[in-house]
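Colleague: sequence first, predicted model second:
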Protein chains: 2
Amino acid sequence: MMSIKTVSENKAFGGTQGVYSHASEKTGTGMTFSVYVPPHASGQKLPVLWYLSGLTCTHANVTEKGEFRAACAEHGIVFVAPDTSPRGDDVPDSADEYDFGKGAGFYVDATRKPWRKHYRMRSYIERELPETLAAHFPVDMDRQAITGHSMGGHGALSIGLRNAARFRSISAFSPIVAPSRVPWGEKALGRYLSDDRAAWREYDAVALIEDGARHEHILVDQGTADNFLAEQLQTHRLTEACDAAGMSATIRMQDGYDHSYYFISTFMAEHVAWHAERLKG
Amino acid sequence: MMSIKTVSENKAFGGTQGVYSHASEKTGTGMTFSVYVPPHASGQKLPVLWYLSGLTCTHANVTEKGEFRAACAEHGIVFVAPDTSPRGDDVPDSADEYDFGKGAGFYVDATRKPWRKHYRMRSYIERELPETLAAHFPVDMDRQAITGHSMGGHGALSIGLRNAARFRSISAFSPIVAPSRVPWGEKALGRYLSDDRAAWREYDAVALIEDGARHEHILVDQGTADNFLAEQLQTHRLTEACDAAGMSATIRMQDGYDHSYYFISTFMAEHVAWHAERLKG
């Protein structure tokens, strides 16, 4: 139990970019994740930045295109990128849809058949993978932060708000801020969970804030040229929820940027530095 | 003639990462290339850094994984990444071999049938693409530098040495330094060119130096954990040729790094800054 297999390890920026796999109890499948460990002193324990990926992605997208390693090496931060859903021939899927099923786990614990057996990304990310990480890597689990992109921005905000004491800071690139109120989220939460929208609220950052969740350190970047902004992302709903709650948050509209990794990589170093400031000591 | 088609453009680090295609007269095929234009004043002409890719690559590998944009934006440098061979159903290939045919143009003008009709990457890179670039982008063609990886490191060194007055500086990551003397090069040069090894010398950096080519600004980084070092890359041959010629060059062995983009991206910013210093004014 909790053993991991090394898929690959490459030296990068003085540290090690690794890809690992393990048998997950929560999802009942094999799971793959990447971990970047920057250069550090022997025995030193480093703070951790979680990165949750968006629709259709695996650990590989940000690992290859995220441009986080230079900043993580500079600030001494371990960067962890999980997959976005369970995988394998045994896992039910909806092959014609990019926004549901494999690659679209939405960081929920599904309660509806046939999804509930394997689609347990909430428990996997919140409980199982942190234990695995702590057992195998030089991490200080008292210093964690979380970020993500799009569906993974939703994951970072909702997991961060539900576990505000665990994560010192939360950031997101182009997040789905209110999945209950947009097509991507309505489809996914409706099918994974229930027709009862009350069950969706713990998976909706705006609803969590409306229901009392708070965090002092939130940073969001959103491109103005993002094709998904108006229909699916609706950043303004987060701004309005924070204002109504009297909660401060840094929510920035970035002129001319789209939904791609060209946008994410542009602001990645800034996000890493922002988290690093909050992960000190 | 010389018109180009925009495949994609994404804002990145304040500039524009574009991918473009055009009909090449030299190769007789469509060709795709990427150009990053950093933020700049209207009417300003910027220096150019060429990046030639390795075996199996297209323009996309470095464009997605090279981590050059932050440094190019900082230093105001246009970064151009061509493809590695002609493409298309009409182009002869050797489908079972990753190191010959499509994806393996070796930056030569082939003289043997059936390769000589389309495999004209030397003329394409040295003549046609620079003209296209100058016609469509804000570039100062009096300030050019060149770099590349593996087969593209061979390309950068050999094109740079043959055109020493055009390129102010030459660098390479894990280059094939003496293709005439290693399996990858012997296969490619023998089939594209001739059995007469004298015809290979203008495509071999070490042979070019032995035959009198000189350049004052050469930087090479090579990982010590690179699987191809001993058989295909043989960095020591370049060091020996420079020593014998009394030519200074910075050739660095980087401990523990392999042949991947994790290595390239680690040292990319340093290469861009080194070229930028030589591209000033």
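Modeller: That came through, no problem.
Colleague: switch to C-alpha atoms for all contacts and neighbour counts from now on
Modeller: Will do.
Colleague: pLDDT score assigned to residue A:33?
Modeller: pLDDT recorded at residue A:33 is 98.
Colleague: list the contacts of it.
Modeller: Contacts here follow CA atoms under 8 Å, 6 or more residues apart in numbering or on different chains; on that basis residue A:33 touches A:19-21, A:59, A:80-83.
Colleague: now, which of these lie within strands?
Modeller: A:19-21, A:80-82 (DSSP state E).
Colleague: tell me where chain A has strands.
Modeller: A:5-12, A:15-23, A:30-37, A:46-52, A:78-82, A:139-148, A:167-173, A:218-223, A:250-254.
Colleague: nearest to residue A:191 among those would be which one?
Modeller: With CA to CA, the closest approach to residue A:191 among the strands of chain A belongs to strand A:46-52: 21.2 Å.
Colleague: which pLDDT value goes with the closest residue to residue A:258 other than its chain neighbours?
Modeller: Nearest non-adjacent residue to residue A:258, counting by CA to CA, 6 or more residues apart in numbering or on different chains: residue A:226, 4.0 Å away. Residue A:226 carries a pLDDT value of 98.
Colleague: the one 4 residues further on now?
Modeller: pLDDT, the model's per-residue confidence, is 98 for residue A:230.
Colleague: got it, and the one 10 residues further on?
Modeller: Residue-level confidence at residue A:240 comes out at 98, pLDDT.
Colleague: show me the contacts for the residue of chain A most remote from its centre.
Modeller: Distance to the chain centre peaks in chain A at residue A:42, reaching 28.7 Å (criterion: CA atoms, centre = their mean). Applying CA under 8 Å, 6+ apart to residue A:42 gives no contacts.
Colleague: do the same with the one 3 residues further on
Modeller: Contacts for residue A:45 (CA under 8 Å, 6+ apart) come out as A:138-140.
Colleague: JSON lines for the residues you listed, including pLDDT, neighbour count and distance to chain B?
Modeller: Putting the contacts of residue A:45 into JSON lines (pLDDT from 0 to 100; neighbours: other CA atoms under 10 Å in any protein chain shown; distance: CA to the nearest CA, whole Å) gives the following:
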{"residue": "A:138", "pLDDT": "98", "neighbour count": "18", "distance to chain B": "20"}
{"residue": "A:139", "pLDDT": "98", "neighbour count": "21", "distance to chain B": "22"}
{"residue": "A:140", "pLDDT": "98", "neighbour count": "14", "distance to chain B": "25"}
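Colleague: any low-confidence regions in chain A?
Modeller: A:1 (pLDDT under 70).
Colleague: so which bits of it are right by chain B?
Modeller: A:10-13, A:17, A:64-65, A:67, A:70, A:256-258, A:260, A:262-263, A:265-267 (CA under 8 Å from any CA of the partner chain).
Colleague: farthest pair in the ones in strands among the contacts of residue A:33?
Modeller: Checking the ones in strands among the contacts of residue A:33 with CA to CA, the most distant pair is A:21 and A:80, at 12.8 Å.
Colleague: can you say which two of the contacts of residue A:33 are spatially most distant?
Modeller: Spanning the widest gap among the contacts of residue A:33 are A:21 and A:80, at 12.8 Å by CA to CA.
Colleague: what about the two, which has more around it?
Modeller: The residue with more neighbours, out of residue A:21 and residue A:80, is residue A:80; 25 against 16, by other CA atoms under 10 Å in any protein chain shown.
Colleague: so who does that one touch?
Modeller: So residue A:80 contacts A:33-36, A:48-51 (CA under 8 Å, 6+ apart).
Colleague: tell me how many other residues crowd residue A:39.
Modeller: Using other CA under 10 Å, residue A:39 is surrounded by 19 other residues.
Colleague: pretty sure it sits against residue A:11.
Modeller: No: contact criterion CA atoms under 8 Å: residue A:39 and residue A:11 do not qualify, at 10.0 Å.
Colleague: end to end, how far does stretch A:250-264 reach?
Modeller: Stretch A:250-264 has an end-to-end distance of 16 Å (CA to CA, to the nearest Å).
Colleague: hmm, who's touching that stretch?
Modeller: A:62, A:65-66, A:149, A:173-174, A:218-228, A:239, B:10-13, B:17.
Colleague: kindly report the same for stretch A:93-113.
Modeller: Applying CA under 8 Å, 6+ apart, the external contacts of stretch A:93-113 come out as A:54-58, A:83-87, A:91-92, A:116-117, A:119-123, A:125, A:151-152, A:154-155, A:184, A:187-188, A:191-194, A:203.
Colleague: buried subset of the residues you listed as a ChimeraX selection?
Modeller: ChimeraX command restricting those to the buried ones, with burial defined by 16 or more other CA atoms under 10 Å in any protein chain shown:
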select /A:54,55,56,57,58,83,84,85,86,87,91,92,116,117,119,120,121,122,123,125,151,152,154,155,184,188,191,192,193,203
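Colleague: take the contacts of stretch A:93-113 and keep only those in helices.
Modeller: Assigned to helices by DSSP state H, the following of the contacts of stretch A:93-113 qualify: A:121-123, A:151-152, A:154-155, A:184, A:187-188, A:191-192.
Colleague: in ChimeraX, select just the buried ones from the residues of chain A next to chain B.
Modeller: Here is the ChimeraX command that selects the buried residues among the residues of chain A next to chain B (16+ other CA under 10 Å):
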select /A:10,11,12,13,17,64,65,67,70,257,258,260,262,263,265,266,267
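Colleague: mind listing what residue A:84 touches?
Modeller: Residues near residue A:84 by CA under 8 Å, 6+ apart: A:52-59, A:102-107, A:121.
Colleague: can you do 10 Å?
Modeller: A:31-33, A:52-59, A:101-107, A:119, A:121, A:125, A:151-152, A:155 (CA atoms under 10 Å, 6 or more residues apart in numbering or on different chains).
Colleague: what do you get for residue A:30?
Modeller: Taking CA under 10 Å, 6+ apart, one finds A:21-24, A:86-88 in contact with residue A:30.
Colleague: between these, which is nearest residue B:210?
Modeller: Nearest to residue B:210 out of those is residue A:21 (CA to CA; 49.7 Å).
Colleague: for beta bridges, what are the partners of the closest one?
Modeller: Judged by DSSP bridges, the bridge partners of residue A:21 are residue A:5, residue A:32.
Colleague: do I have it right that it meets residue A:3?
Modeller: Yes: assessed by CA atoms under 10 Å, residue A:21 is found in contact with residue A:3 at 8.9 Å.
Colleague: which residue lies nearest the spatial centre of chain A?
Modeller: The C-alpha lying nearest the average C-alpha coordinate of chain A belongs to residue A:52 (CA atoms, centre = their mean; 2.2 Å).
Colleague: so that one sits against residue A:147, correct?
Modeller: Yes: look at residue A:52 against residue A:147 with CA under 10 Å: they come within range, at 6.4 Å.
Colleague: now the common contact residues for these two.
Modeller: Counting by CA under 10 Å, 6+ apart, the contacts common to residue A:52 and residue A:147 are A:81, A:153-156, A:172.
Colleague: how about those, which pair is most distant?
Modeller: Taking CA to CA as the measure, those span a maximum distance of 15.0 Å, between A:81 and A:154.
Colleague: gap between residue A:32 and residue A:116?
Modeller: Distance of residue A:32 to residue A:116, computed by CA to CA: 20 Å.
Colleague: of the contacts of residue A:30, which is the nearest to residue A:209?
Modeller: Minimum distance to residue A:209 across these is 28.5 Å, recorded for residue A:86 (CA to CA).
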